[in-house]
Each structure stands twice: as C-alpha cells, then as structure tokens.
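Participant: Sequence plus predicted model, see below.
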Protein chains: 4
Amino acid sequence: MLIAGVVGVGYWGPNIIRNLVANKKFTVKYCSDLKSQRMDHITSLYPTVKTTKDYKEIINDPKIDVVAICTPVFSHFEIAVAALKAGKHILIEKPMTSTTAQAEELINLAEQKNLTILVDHTFLFTGAVQKIKELVDSGDIGDIYYFDSVRVNLGLFQHDVNVVWDLAPHDISIMDHIIGRSAESIAATGSDHVGNGLEDVAYVTVFYPDNIIAHIHVNWLSPVKIRQTQISGTRKMIVWDDNSPSEKIKIYDKGIEVVQTTDQIYNTLIQYRTGDMYCPKIPQTEALAVELDHFAACLESGTKPISDGYSGLRVVQILESSEKSIKNRGKEIRL
Amino acid sequence: MLIAGVVGVGYWGPNIIRNLVANKKFTVKYCSDLKSQRMDHITSLYPTVKTTKDYKEIINDPKIDVVAICTPVFSHFEIAVAALKAGKHILIEKPMTSTTAQAEELINLAEQKNLTILVDHTFLFTGAVQKIKELVDSGDIGDIYYFDSVRVNLGLFQHDVNVVWDLAPHDISIMDHIIGRSAESIAATGSDHVGNGLEDVAYVTVFYPDNIIAHIHVNWLSPVKIRQTQISGTRKMIVWDDNSPSEKIKIYDKGIEVVQTTDQIYNTLIQYRTGDMYCPKIPQTEALAVELDHFAACLESGTKPISDGYSGLRVVQILESSEKSIKNRGKEIRL
Amino acid sequence: MLIAGVVGVGYWGPNIIRNLVANKKFTVKYCSDLKSQRMDHITSLYPTVKTTKDYKEIINDPKIDVVAICTPVFSHFEIAVAALKAGKHILIEKPMTSTTAQAEELINLAEQKNLTILVDHTFLFTGAVQKIKELVDSGDIGDIYYFDSVRVNLGLFQHDVNVVWDLAPHDISIMDHIIGRSAESIAATGSDHVGNGLEDVAYVTVFYPDNIIAHIHVNWLSPVKIRQTQISGTRKMIVWDDNSPSEKIKIYDKGIEVVQTTDQIYNTLIQYRTGDMYCPKIPQTEALAVELDHFAACLESGTKPISDGYSGLRVVQILESSEKSIKNRGKEIRL
Amino acid sequence: MLIAGVVGVGYWGPNIIRNLVANKKFTVKYCSDLKSQRMDHITSLYPTVKTTKDYKEIINDPKIDVVAICTPVFSHFEIAVAALKAGKHILIEKPMTSTTAQAEELINLAEQKNLTILVDHTFLFTGAVQKIKELVDSGDIGDIYYFDSVRVNLGLFQHDVNVVWDLAPHDISIMDHIIGRSAESIAATGSDHVGNGLEDVAYVTVFYPDNIIAHIHVNWLSPVKIRQTQISGTRKMIVWDDNSPSEKIKIYDKGIEVVQTTDQIYNTLIQYRTGDMYCPKIPQTEALAVELDHFAACLESGTKPISDGYSGLRVVQILESSEKSIKNRGKEIRL
C-alpha cells in the first residue's frame, strides 16, 4: 500500500484525493492547504485524512511514500524540491514548473534519489488519447502530416498566466505524446485585450522534423466552446471532438496519392482517396483513475511513467518559448 | 448598356458570363480562351457571343467597355495592362496579380486613364459578409478583439501556388473589408508534405493596431470541410459557418467586463456576460449578381468599388508577405 | 419551516432530499426505504435525517407536514392515501398513480382535507419549459398548430411498465402544460420486441380542439439519443433540443399565410414567410430547486401548484388510454 | 437503342429527359406538355426532341418503345392505359395512380401485353438506400425491430393532395423495399390547419408480421428540415440522415440481449451492447441515372424492375389506407 499526502486541495486536489481513496494501491494519510475551509471539506468527505496548514509536516512524515502537489504553478518547484529531498515520489500538477531550469533541476534530483515524477497530464490517460496513440503507433495513420488543436471558450481568465500557460499544456502534452519525437522550434503569436500583459488569444506553431507541423489555437474570448484536434497522416486522418458525447473520435480513410507523371509542365499529380469513416467505442473510465493505476504500476516496477519529468519538461519548454515568441511577434525559437 | 468581353472561360469565366448575360446593364460581345472546346461550351449556351483564341481581338475592339479577366493568376498582369492601355474598365479574378509591384502598376495605370478596376473578391458580395460588415460598422459588435478564419478541406491541390495563394484570398479580402483598417505586419507558418515546395497547410497571423489580431488557417489536407470565421468584439461576438445551410451567422450577446478592484494582489477582475443568441435571415441572392450590380453602379457614378485595385493590392501584399514569412518560419514581415 | 419525510430513497429520492435540504423553507426529518443500504447512503450524507423501514412511522409523526413519495409507481396510491388521511401534503413522483381511478381518489381526498398535491413533473420547472410557456402564453407563437415530441435512446428497459409509462410522462405533462386545454382523444401504436408484453417503441397522437394535434414518439431501442420537441404556431415556431448544451430553444420567425384568391381551380394560395431565428438564454437553475420553491409558495399561500393532482390525473389518463389504444392498434380512445 | 417519349415536362420531366439523353441505351424522340413554354425550354436544351401538345401522338408513334409519364398524379392512369394498350413500356411518376384499383388495372394490362412498368421511386436507386438494402439483406442488421422515418420541412403545400400523398411515397417505397415483406395493416393520424381538408401534418404507423413496426412522420409545417430514417435490428442499428453532406449513413454496433434469469420477480433481464460506429462511403452517382440503367437492363432481359407495378401498387394502397385512417382518427385499416 502506497501512503500518500496531498498538498493543495483547492480546485483539482479533491479529485486527486477521491481517486487515490478509490484506488486499492493507495491510501491518503494527509492533506494540506493554506485555507482551513478547503481542508474541512475534505475531512467531511474522508474523516480519516489528517490535515495541516504546513505542507512540510507531510513531507517530513517518514510514513509518506508519495506527495501529490496540487498547488498553483508558482509554488510547484519549492514543494517538489522539498518532497524529493525527503525521498518522496511526486505527482505534480501541470504545468510542471514555471521555468525549464526548474523542471530540469527536479528531474536531476529525482534521478539522483532514484525517485519517480509523474506529471498530471490527465488527458494522456483518457480513452480518446489512448485510442489515438494506439492508432498512430500501429502504423494505421501512416506518417503524420500535421497535428492541429483548437481549445477555445469564453473561459476563466487567469490572473497570473496567459492563455497559453493556462490551456495549452493539455494540447502540448497530447501532441508530444502522440507525435513521440523531439520538436525543433516554435513560432507563436497572440494578443492581450485586457491590457494586463497576459494574452487571451494565442496561436502556437511547433515545427518537427520531416515537415511535420503542429499548431495550437487557445482562446479565452470565444463565444463558442470548441475542443477539436485533427491528426492527419499519409494513410488515414483523425478528427477528435472532445465535446461530442458519443462520437469523440472519427477516423477517415482519406488521403492523397502523389503520382509522378511525364507531364511537361507539372511533374507530379496529386490524387484523392476517400473511403469509409469509422468511430471506435471509447472506454468511459475516468482518466485520473487510469493515471493512478499507471503511477502505482510504475512505482512497483520501477519503470518511467508516460508523463514523466521529461514529458513535463518538454511541455514547459514549449510554453516558455511560446511566451518569448509571442512577445516577438512570431520569432522562431529553437528548442 | 455596358459591352463586355471575357478573357478565360475555364472554371470561373462561365459564371461571370452567365451573370453578365442575366444583368440588364451588361451585354457580352466576346469571349476568348486558348482551348476552343471551352469556347464551344459558351456558344452552345449563348449563341450570340463571339469567340476568339486571341484575347487582343477583344481588347482592340472599340465597342468593348469592360474586360473581365478570368485566366490563371500569372497572366493577369499582362492582360490587364493591355486592357487598361486600350481604355477598358476591368473586372479581374482574385488574387489580382502575382506581385504587389504588378498590382501597384495596374492601379497607377487605371488612375491615369480614369478607369475602374474591380477585383472579383466574390465573398464581399455575399449576404453573410454584407450582414457582418453592417453589424461591425453599426457599432453593434463594439471594438473588434480578433478575426479568426478556418478554411480547410481535402482540397484540390494547385500545381503552381501554395494553399495560401489558393484559399486565403477569400479570408484576407473579407478580413480587410470587415476590419477596415491597415494591417501592420504578418507572421506565418506552414508546411509542404508533397515535396514540391508548395505548402498544403498554413497559418497566417495578421497584426493590426490596438491589439486587434487576425488569424487564417488554410489547409488542403483536412478530412473534413470547415469554413468558419469568428469575429469577437467588446459588445458581441459573431460566428459565421459558411457550411451551414440555414444558420450561417450567429450573433452572441456575450463578452467580458474588466472591473478595476482594490484587491491587493490583482488589480483587475474580469467578469463574464452571456445573453441571447440571434441568427439573422441572410438573403440568398447570388453574390456574383450583387457584385455586377455594384460594378455597373460604380461605372455609372464614377465611384470606387468596395473591391477596387487597392483592396486587391492589400490582399496580394499579405499573400506575398505570408510566403516570405513561411519560408522564414514565422518571421514577422512589416507591411 | 416545513418538515418533510421522504418515502423511497432509491434512484430519485436522494435528489429530492438534496434539494429539500438546500431549501430554506424545508427541513428533512425522516426517510424510509425497504433497503437499509439505501438509507445508510442518506445518513452518510445527512447525518441528522432519521431512518425507518416502515413508512407509516413517517406518516404517523405529527411533526411531519409534507410527505415526498419516491417509490415505484405501483405503491404510490397506498402511501399517498395513508399520508393524506394523516393530514400531510404530498409531493408524488410521476406518473402519479397506476390508474385514473386512483388519481381521482387522491384528488378527492386532498380536497376534502384541504391538502396540497404536487406531482413531480420536474420538466415543468426547467428554464426551457418555462420559457416556452411564456412564449406561448404571451401570444408570440400565435395559435398552436402542433406539438411534436421525440424522446428516444438505447434506454433502460423497465420490468413492469412499457416505454410509454416510463418515458412519456415527461412529454405528456409538458404538452398538457404548454397547450393548456383539454385533449379530446388519443390514438396510439407500438410494438414489443422482447416478447414480455411491454412495448419498447410507441407513438401516441393526442387530438385537441381546433385541429391542434400532438404526437409523442418514445423508444428504448434507438441507437442515438434524441430529445426534441417542436411547437409550431400561426406566428412562430419553436424547436427545443434538450440535448444541446447551449442552444436548447430556437424560435423561428417562420410561417405560412393563407391567401384567398380568385383562381378558378384553387381558391386558396399558401405563402411562406421566413425570418430571423433567435435563441434565448435559458437560466441554469436546477428544476427541482425551482419546483420546491413553488411547492413552498403554494403551501404558504394556499394556491394550486402548476403540477397539481389534476395535472397528474390528465397525464395518467393519457397513459392509460395509450396502453388501451396500443393494444387495439391505434383505436381512438375518447378522454 | 430504346426510343422514348416523355409526357409532361413540368417539374420532374426535364430531369427524366436529361438522364435519358445521357444514357447510351435510350434516345428521346418526343416530349409533350399542355404548356408550350415548357416544351420550348426542352427544345432549347435538346433541339432534336420533337414536341406535341397531344400526348397521344407519342403513344401512337410505332417507333416509340417507352413512354415516361411525368404529369400530375390524377392523369397517370388515363395516359398509362393508353400507352400500355399501344404496346409501350412505361416509366411512371410516383405515386403510380390515385387509387389501388387503377394500379391493379395497369398491372393486369401490362402482364397481358408482356410490358414492363417501372414506377419512378427514385430513392430506391440512391447509394444510401442501396447500401441499407445490402446491409439488411446480408443479415448484418439481424431481424428488423422497426423502421422510423421523418420527412418534415416548411414545405410546398400541394393544392390537390395532402402531405401523405405528397411526401410519404418516398418513405413508403423505401420501407417496402427495405423490409421486403407484406404489411398487415396501418393506422394513421393527421391534421389540417388551413381548412381545405388536406392534412399538412401526418403520422402513419404500418404493422408488419413478427412485431416489426414502421412509422412515417410527414409535415409541411416544420421550421426545420429533417430527413432522417432509423432502421434497428437485433444485431445493428442504422441511422440515415439524408441532409448530411458527408455522413449519410451511420451503422451502430448497438443492441440489446434478452437473458432468461431465475429471478423470482422478473424472469427476463435485458442487457445492452454498445460498440463502434461506422459510416460507409456512399457512391455519388445520380439516382435517376442508376434507375434508367436498371430499366434498360430489365427491358433487355425481361426481368422485373425493383420498383415494378406491384411496388407502385403497395405504395398506393398504403397512401389510400392512410387517408381513410386519418379521417377516422387512427382506425386500423387492414391491407
């Protein structure tokens, strides 16, 4: 049985606790928050969970195996360093840290101590992303042409980060997981309409080798909610509509074929291919439950989580570079 | 009665002829094409229209008032120069020319000769765009935050131009017309998956003063056809779905309100506003018919068309800059 | 403060308790169920609620003002009679009873004792139905032509009632409320595919005066979930799509105009009118909370609930008649 | 080469001529109409087609093999009798005749003379219906539970027939073709809101053996256009949305399983099964072209068309019975 403590029980922490409690491999001993009202809510639901305002109490408890860090991003690094130094495995909210330097330091620390970092890129554990990953890895899709993701809504403006730091960690972690290669560079644009220096509309292009291009559109000012991702390849094309209750993933047997011709003017001819569409059943399991099973299995076997510290680092790198590129109106930033 | 000749009766020319014939202000005397088969098709429909393989015959005919140029873009400039020099008004397919230098030269020539250029940015004459323009100009939408347009499909690859030159003239001319201000600069990215140097996926950001941002996504490799434009402002937000047969334009009474607070940490608070949605009836008149009425009215009164040479020039400028920016992975190009 | 007891805490009872607890006018003293496991669930959430396996304990408690009856339909009558005889107001699940005779008896009993019956036709208290009712009553829709409702899904087959008794109480109560007149007769058809005598697909036509026609399609065997209602009138037409998260109600400014002509053959001409569509904002308040506010207000003021015993009776009448008509393949049953 | 004459070139006749002209097996010699303007339109498109106001000229021409009857339904019988008596094969618009007696007489006449009747139930020749028929006949769908079809719109009111005679021939002919069995009886309801005795809203239930139930909803007064058909079976379920440009047919691997149990109260348990959805590519060929190929093949080989006189008769029977049932508020009419 893995004994866990949860630091931060505001918005997301209660979901982590609920899933830890429901999981046979974990037990929750402690939770911590600066607001006692939030902790009271937890003890009303789970009377056996201890509470403390000082997260260091959790970290210093030798019985604790795992610390889940569900605080605002600016505090991740400090808490994570303390937890790793105390020999705890960590589950850390996304984005992992505020800077790539911090992410690298956490990775190093964990490797020195032989500890495991799981970054809570929850979407990687959804049935939809797992199905897409399976389709791509099996070769069904062929070589990827592009990854295009739109995540827009009349959303909750954040006070301390722009729309890229707020929404794009989802898309970037999914993109990184699906494409499975190292990005070369990024170019991003955006605009701030409130005047506080935090962009509310942004467009991020990510360049990969072999002409794979990825693009992410995030927006807090859209009257309609769109969560749509397209992944097209040489063999098939996927459209994932996360808002659709019953037809989340559609796989189109469509594509082009490039034919060499003897035509004098144009030496290539491009032909179209269209076939059936197919919409696989997606398991309804809660992603967080799948994630915690995976975490427990990794801790048991000593293997790396699919959303390990490096995954978290790559996401932070792209976030950091996007911010820099946006301030320079699309300037390419090498990764 | 305005006497017209039509150069090029391949894909779009026949539509121009059909609408000229149906319009009481115009009569079609001539058409010209390199392929006699195309001209035979025209004479089978309109037996009184004369044909010629040499477009100069049309231009040299002193009876001709207007020359409609419906040939591939690379030939626009040569034919337009000849027509203007011969004292003819011109209707010219979009994009107007292959370079901004050419577009400027045509504008100069027309101004010297006191002739009218209408660039066939057909979308400007649709009920949908006219309704949006009316809403924006009336102040209903408030100050524009952003213009975001997606035009994707498993489309006809062009042999000589990339996807931006092929599809984006629609979006750029609409954006230019709706926003009605001078863009400052652009940054674009894209990718070519066929290996012939012509991008099939592209993303173009256009920067305007006052933090207005515009973005255009064009794509020949999408399994689904999307033609959707969002225009959000301080008062209301518009979604235009050109694929929808009956609900093309939706106007959302939604927005944000920025409130100054005395909060110690964050001095602004952003509040949301959501209200009714409304979907105005859009007239079904064919855009080309409206365009030709407008052209005739401009020729009569000596006023400038809404899609005049300058409109055509601004579109070509953005196309040209986009191509340059794409080759430089998002480098900002000042306009 | 109204003191309530809840009989039956299986599927729907817990929602009633949650809303009674949250409402300032009510307090919940008791709950009862045959399964102690269900009651344990309630006390884990609301430790102050007493439990009993014998609902008569609740009814005999002189402190209790209101009894909520959330048991299977076959037991409604017995419990309701006991509660009314003990002088309690009742909130009763839909359908009110298994027969019209029972419903009539409950109404009589309540009138004799000056007690209030509220039938839990929850949909009547949704923002959507309240908006439609307001539109119809204001005259905006004009005279109603028809009411057409489809409620289909691959649904939970019931063991003791057919699909009409299971799903149609929603549609019938809404129809009755919106049209606000007495139906004349019904004709219904249906089919049982499992072989247990309970129809899983059914179609119910309800005839009203003045050629108003209503139709309800309920189906447990549909691969897709549809919950769509149309109400068309002489002035406007409403489409209510209850599955739509953001555009539940659309009001179309469409219609026909009948013109008398001097045409020799046909002496009427029918013209079409199409205008804007408009989608009002619908409040998101939970219907059950609105219903309980209404119940409390009725109990205070002594007025009749909009879903009183007569409303419940009219629904049961149509259910009963539908069953009879279905067994006779569409035979008209006078109401 | 089959030599054809076309009687009636108003709304649909020109489409018949266009497809006959394009078909290598047919040539069009004649057309006839009471309005010379309609015939002028034909000769402007097809100068070699002769015209006459008197359809008997066509019928009396010994060169003519096939007469296509595209006049209003009340005149079908007279023209068809004349054509068959003159030894011509006939293609006849739907509905075949105004009464079942007439349809039977035409069938008898054709059989005596060894002539072929093809009723123009065009939908049977669409890619969508052919795909559905193929799925049903292959056993993929299993045994059919129900056929449910909705065809509604703010439609063109007809002056001489109700909405069932106008719209339902499509649905009835498709239902008849797909189910492939003899219906037992029908029960229908409807309402007339204009006051001319012609229903504008109608609901038709058709009873088949083995508890198969079919239902057709036709409506001229709907603000939205819906053309949706569901066919559910023991193995799979089909939804055909004829308005969808790219996803017309969806096949759901969903269903129920009836399990016998030892439960004391209920001896059957119904379990649900949900799996993938699949959307086959539908050929885009024009249905009328496919129909004429089929007609030519039948005439060559002497086989019966799939939409032969009996198919036309069954449709007329259901139309006639529906009208009778509607006037009697749902009374069952045996077929």
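Facilitator: Yep, that arrived.
Participant: hey, let's count contacts and neighbours off CA atoms from now on
Facilitator: Will do.
Participant: Can you list the residue ranges for helices in chain A?
Facilitator: Here chain A has its helices, by DSSP state H, at A:13-22, A:36-45, A:55-60, A:76-85, A:100-113, A:127-137, A:163-179, A:287-301, A:309-327.
Participant: Pull out the buried positions in the second one.
Facilitator: Along helix A:36-45, the positions that meet the burial threshold by neighbour count (16 or more other CA atoms under 10 Å in any protein chain shown) are A:38-39, A:42.
Participant: Kindly confirm whether my reading is correct that residue A:4 touches residue A:61.
Facilitator: No. With contact defined as CA atoms under 8 Å, residue A:4 and residue A:61 do not form a contacting pair (10.4 Å).
Participant: of these two, who's got more company?
Facilitator: Just comparing residue A:4 and residue A:61: by other CA atoms under 10 Å in any protein chain shown the higher neighbour count belongs to residue A:4, 26 against 14.
Participant: what residues are up against that one?
Facilitator: A:26-30, A:64-68 (CA atoms under 8 Å, 6 or more residues apart in numbering or on different chains).
Participant: got those as a markdown table, with distance to residue B:13 and pLDDT columns?
Facilitator: Shown next, in a markdown table, are these (distance: CA to CA, whole Å; pLDDT from 0 to 100):
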| residue | distance to residue B:13 | pLDDT |
| --- | --- | --- |
| A:26 | 71 | 97 |
| A:27 | 74 | 96 |
| A:28 | 73 | 97 |
| A:29 | 76 | 96 |
| A:30 | 75 | 94 |
| A:64 | 76 | 97 |
| A:65 | 74 | 98 |
| A:66 | 71 | 98 |
| A:67 | 70 | 98 |
| A:68 | 66 | 98 |
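Participant: Could I get those in CSV, plus columns for neighbour count and distance to chain C?
Facilitator: Listed next are those as CSV, based on neighbours: other CA atoms under 10 Å in any protein chain shown; distance: CA to the nearest CA, whole Å:
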residue, neighbour count, distance to chain C
A:26, 20, 23
A:27, 19, 20
A:28, 22, 20
A:29, 19, 21
A:30, 23, 22
A:64, 22, 28
A:65, 19, 30
A:66, 27, 29
A:67, 28, 29
A:68, 27, 27
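Participant: quick check, nearest of those to chain B?
Facilitator: residue A:68 (26.4 Å; CA to the nearest CA).
Participant: and residue A:335, how many neighbours does it have?
Facilitator: Look at residue A:335: counted by other CA under 10 Å, it has 14 neighbours.
Participant: Distance of it relative to residue A:316?
Facilitator: Noted for residue A:335: a distance of 11 Å to residue A:316, by CA to CA, to the nearest Å.
Participant: residues shared between the contacts of those two?
Facilitator: By CA under 8 Å, 6+ apart, no residue touches both residue A:335 and residue A:316.
Participant: Name the nearest residue to residue A:295, ignoring sequence neighbours.
Facilitator: residue A:305 (6.6 Å; CA to CA, 6 or more residues apart in numbering or on different chains).
Participant: List the contacts of that neighbour.
Facilitator: Going by CA under 8 Å, 6+ apart, the list of residues near residue A:305 reads A:117-118, A:294-295, A:298.
Participant: hmm, 7 Å instead?
Facilitator: Contact analysis of residue A:305 by CA atoms under 7 Å, 6 or more residues apart in numbering or on different chains lists A:118, A:295, A:298.
Participant: May I have the beta-bridge partners of the residue nearest to residue A:308 when sequence neighbours are not counted?
Facilitator: Nearest non-adjacent residue to residue A:308, counting by CA to CA, 6+ apart: residue A:118, 4.8 Å away. Counting by DSSP bridges, residue A:118 forms beta bridges with residue A:91.
Participant: Quick one: the buried residues of helix A:36-45 as JSON lines, columns for distance to residue C:235 and pLDDT too.
Facilitator: Conversion of the buried residues of helix A:36-45 to JSON lines gives the following (distance: CA to CA, whole Å; pLDDT from 0 to 100):
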{"residue": "A:38", "distance to residue C:235": "53", "pLDDT": "93"}
{"residue": "A:39", "distance to residue C:235": "56", "pLDDT": "93"}
{"residue": "A:42", "distance to residue C:235": "54", "pLDDT": "93"}
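Participant: Can you lay out the residues you listed as JSON lines showing distance to chain D?
Facilitator: What follows is the buried residues of helix A:36-45, written out as JSON lines (distance: CA to the nearest CA, whole Å):
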{"residue": "A:38", "distance to chain D": "40"}
{"residue": "A:39", "distance to chain D": "41"}
{"residue": "A:42", "distance to chain D": "37"}
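Participant: Can you add distance to residue D:122 and give those residues back as CSV?
Facilitator: Output for the buried residues of helix A:36-45, formatted as CSV (distance: CA to CA, whole Å):
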residue, distance to residue D:122
A:38, 66
A:39, 69
A:42, 65
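Participant: how about the residues of chain A near chain D?
Facilitator: A:275-281 (CA under 7 Å from any CA of the partner chain).
Participant: Just the buried subset of those residues, written out for ChimeraX, thanks.
Facilitator: Entered in ChimeraX, the line below selects the buried ones among the residues of chain A next to chain D, by 16+ other CA under 10 Å:
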select /A:277,278,279,280,281
